[in-house]
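>>> Compute the structure for the input listed below.
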Amino acid sequence: MKKLLVFALLLSSFFVHGQNETYSWQEGICFYEGEINTELTNREQLDNIVGLLLNPSSYNQPVFRLQLKDSTHIRPEKVKREMENAIKELENAQFPKATMWDSIRKIRVTQLKRELELKMLGIEAMKNPAILKTDKKTAKSCKKTIAILCSEPAVILKEYKKIYGDDAYNRILNTGYSEKVMAEMASIDFLRYEWWNTASKTIGEINYMSKVNQELKKLILNWKVECH
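Residues are numbered from 1 along each chain as shown. All right, here's what the predicted structure looks like:
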């Protein structure tokens with residue numbers, strides 16, 4: 001009898017705990033905590049919302065490194081594999097049943113696929129900048145930058161000085177490398193900043209955050225927020 005009573009108390013405790021299961025997450029400098037509305041969602045779905053939609057790690061990040069030696073060692077197959085895995089993870093992720101989540105998923109998958117296209121294009125452009133002309137969505141808006149990248153080393157360096165200023169130009173000049181290598185160093189900056197900042201606009205903005213936060217208030221109850 002005593003064993004049955006202990007079991008009943010443990011079982012009761014389990015259900016009470018389950019009904020008030022807490023969930024915590026971070027956005028920027030703020031930490032959130034609340035109770036999972038188990039009638040509408042579960043922990044796995046919330047993890048997917050937070051990890052794949054609220055805090056997308058790869059979004060709009062240029063693939064180029066700050067140093068020429070690091071950029072030239074980028075492995076395109078690795079970049080492609082990582083991006084394709086991120087796309088597959090999002091496509092297979094479980095979300096709450098509301099149609100809004102499927103709509104956002106489709107938007108995000110489209111954005112990731114476009115980001116992958118641009119990253120592969122940019123990697124190829126380090127060796128063959130003329131390849132940038134083949135992208136119909138960016139060829140016109142990036143026309144000036146593409147023309148510079150396709151120029152002779154002396155022209156690239158001249159334009160670099162004009163756009164980035166004497167200090168940046170002198171840092172490259174003081175390396176003592178050949179004109180060709182210095183032009184390659186300058187080209188990385190042109191790709192990383194001038195081309196990518198314009199081209200990445202075709203990925204599209206993440207403009208669904210307000211909707212996600214509104215829906216989260218239905219899925220997570222009694223929010224507590226602490227920002228540092």
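>>> which helices and strands does the host helix or strand of residue 114 pack with?
Following DSSP states H and E, one finds residue 114 within helix 99-125. Helices and strands touching helix 99-125, by 3 or more Cβ pairs under 8 Å, 6 or more residues apart in numbering; DSSP states H and E, are helix 76-92, helix 196-199, helix 209-219. For glycine as for every other residue, the C-beta is placed from the backbone atoms N, C-alpha and C.
>>> mind listing what residue 190 touches?
By Cβ atoms under 8 Å, 6 or more residues apart in numbering, the residues touching residue 190 are 145, 148-149, 156, 160.
>>> Just the buried subset of the residues you listed, please.
145, 148-149, 156, 160 (16 or more other Cβ atoms under 10 Å).
>>> if I look at residue 82, how far off is residue 113?
Counting by Cβ to Cβ, to the nearest Å, the separation of residue 82 from residue 113 is 14 Å.
>>> Give me the buried positions along stretch 205-213.
For stretch 205-213, by 16+ other Cβ under 10 Å, it's 206, 208, 212.
>>> before we move on, what about stretch 142-153?
Applying 16+ other Cβ under 10 Å to stretch 142-153 flags 142, 145-146, 148-151, 153 as buried.
>>> Now for those: which two are most distant?
Put simply, by Cβ to Cβ the two of these set farthest apart are 142 and 153, 20.1 Å from each other.
>>> hmm, back to that, is it possible to get TSV of the buried ones among the contacts of residue 190 that adds pLDDT, distance to residue 134 and secondary structure?
Listed next are the buried ones among the contacts of residue 190 as TSV, based on pLDDT from 0 to 100; distance: Cβ to Cβ, whole Å; DSSP: H, G, I helix; E, B strand; the rest coil:
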residue	pLDDT	distance to residue 134	secondary structure
145	98	15	helix
148	98	17	helix
149	98	14	helix
156	98	20	helix
160	97	24	helix
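>>> and residue 35, how many neighbours does it have?
15 (other Cβ atoms under 10 Å).
>>> for the chain, what helix or strand is lowest in average pLDDT?
When the helices and strands of the chain are scored by mean pLDDT, DSSP states H and E, helix 2-19 comes last with a mean of 40.
>>> Kindly provide the distance from residue 179 to residue 51.
46 Å.
>>> Just name the most buried of the helices and strands packed on helix 99-125.
Highest mean neighbour count of those: helix 196-199, a mean of 18 (counted as mean count of other Cβ atoms under 10 Å).
>>> wait, residue 142 sits on residue 199?
Yes - the pair residue 142 / residue 199 is scored as a contact, 5.9 Å apart, by Cβ atoms under 8 Å.
>>> Contacts only, for residue 119.
63, 79, 83.
>>> Can you give me every residue that contacts the second one?
Residue 79 is in contact with 63, 119-120, 123, counting by Cβ under 8 Å, 6+ apart.
>>> got it, and residue 84?
By Cβ under 8 Å, 6+ apart, residue 84 lies in contact with residue 116.
>>> just the one 3 residues further on next, same as before
Counting by Cβ under 8 Å, 6+ apart, residue 87 touches 109, 112-113, 116.
>>> out of those residues, which one sits closest to residue 36?
Comparing the contacts of residue 87 against residue 36 with Cβ to Cβ places residue 109 closest, at 26.0 Å.
>>> That closest one - how many residues pack around it?
15.
>>> my guess is it contacts residue 91, does it?
Yes - the criterion here is Cβ under 8 Å, and residue 109 meets it with residue 91 at 6.0 Å.
>>> any residues in contact with both of those two?
Counting by Cβ under 8 Å, 6+ apart, nothing touches both residue 109 and residue 91.
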